[in-house]
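J.: I need the structure of the sequence given here:
(one chain, ligands or ions: 1)
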Amino acid sequence: MYGGDQVIADLNKEDKEKFLSDDFNITVIFGLLFAGFESVSKILTLTLKLLADHSVLQELIAEHEGILKSKQNSDSLLAWDEYKSMTFTLHVINESLQLGNGAPGLLRKALKDIDFKGFTIPADWTIMAVASASQLNSDVYKDPLAFNPGRWKDIDPYLVSKNFMPYGGGTRHCAGAEFSGPKSREDVLFEVLR
Ligand code: HEM
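T.: Numbering: from 1, shown residues only. Below you'll find the model as predicted:
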């Protein structure tokens, strides 16, 4: 049984039969609604605004029409390979994610003292990693506030690996990343290295 199914099943059970506690289930439902709604609506709104303001729509439409034309059965659903072949679409999404910085900060806790560039972050301290500090850094991205999907065509994989984390990273990496937008850092890296 998947986690979501378990939550729904537990909602209909007596307390003593429940596998997960009510507190846990409520936190999961709130978390999913918040994580899955606020993030998508914010980035989607920004993307539509950027598309309205810039002349990339024709190229996007051409890419999608090309895929539709190459389909053997025009009524068939979008296949995974077709989705993955939308290179320009992915560049537009990346650019929106890079500009949008959906999460203001990624929260972590120092499990032990951490030495970093001559400073020590003491154990138990809360750390907030601010992705926009690198995603909007002009030393990293040339003219970072410009909407330029073309920058993703030949982007340096090293730069991406260190400076693009719209979905966070590590064990707390966004659970909806593959579902909501295609690009984790690892995906971009894979695409560039391919
Ligand atoms: C454009 C859309 C989205 C963006 C930019 C985004 C971004 C993020 C970021 C930055 C984090 C924190 C990761 C970290 O701390 O390393 C996160 C966590 C999370 N996201 Fe997303 N997210 C998006 C869509 C979604 C969707 C659609 C869902 C669910 C269907 C979702 C579910 C989650 C969950 C459950 C977490 C918590 C993961 C954990 O703490 O273990 N996200 N997201």
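
J.: How about the residues of the protein by the ligand?
T.: When proximity is defined as Cβ under 6 Å from any ligand atom, the chain approaches the ligand at 31-32, 35-36, 39-40, 43, 102-103, 106, 166-169, 172-176, 179-181. In short, each C-beta sits where N, CA and C put it, glycine included.

J.: As a check, name the ranges of all strands in the chain.
T.: Using DSSP state E, the strands found in the chain span residues 106-109, 114-116, 119-121, 126-129.

J.: Contacts for the third one next, please.
T.: Which is strand 119-121. The contact list for strand 119-121 (Cβ atoms under 8 Å, 6 or more residues apart in numbering) reads A110, D113, I114, I127.

J.: before we move on, the earlier item: reformat the strands of the chain as CSV; add mean pLDDT and distance to G66.
T.: Shown next, in CSV, are the strands of the chain (pLDDT from 0 to 100; distance: least, Cβ to Cβ, whole Å):
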stretch, mean pLDDT, distance to G66
strand 106-109, 94, 37
strand 114-116, 95, 47
strand 119-121, 97, 50
strand 126-129, 95, 39
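
J.: and those, which is most packed in?
T.: strand 106-109 (a mean of 13; mean count of other Cβ atoms under 10 Å).

J.: Contacts for it, please.
T.: Under Cβ under 8 Å, 6+ apart, the answer for strand 106-109 is D124, W125, T126, I127, M128, A129, V130, A131, M165, G168, G169, R172.

J.: starting at the chain centroid, how far to that strand?
T.: The gap between where strand 106-109 is centred and where its chain is centred comes out at 17 Å by Cα atoms, centre = their mean, to the nearest Å.

J.: That strand: partners in the sheet, and parallel or antiparallel?
T.: When pairing is defined by DSSP bridges, strand 106-109 lines up against strand 126-129 (antiparallel).

J.: ok so, going back, now, which of the contacts of strand 119-121 sits nearest D5?
T.: Of all the contacts of strand 119-121, D5 sits closest to I127, with 34.3 Å by Cβ to Cβ.

J.: Pretty sure that closest one sits against L111.
T.: No - shown here, I127 and L111 do not form a contact pair, counting by Cβ atoms under 8 Å, at 10.5 Å.

J.: what's the domain layout of the chain?
T.: Here the domain parsing of the chain from automatic domain parsing is 1-53, 66-193.

J.: Just name the most buried of those.
T.: Using mean count of other Cβ under 10 Å, domain 66-193 ranks as the most buried of the domains of the chain, with a mean of 14.

J.: Not counting sequence-adjacent ones, nearest residue to L51?
T.: Using Cβ to Cβ, 6 or more residues apart in numbering and skipping residues adjacent in sequence, the residue nearest L51 is L57, 5.6 Å away.

J.: for the helix ranked longest in the chain, the distance to its chain's centre please.
T.: In the chain, with assignment by DSSP state H, the single longest helix is helix 22-53. Remark: helix 22-53 is offset 11 Å from the chain centroid, using Cα atoms, centre = their mean.
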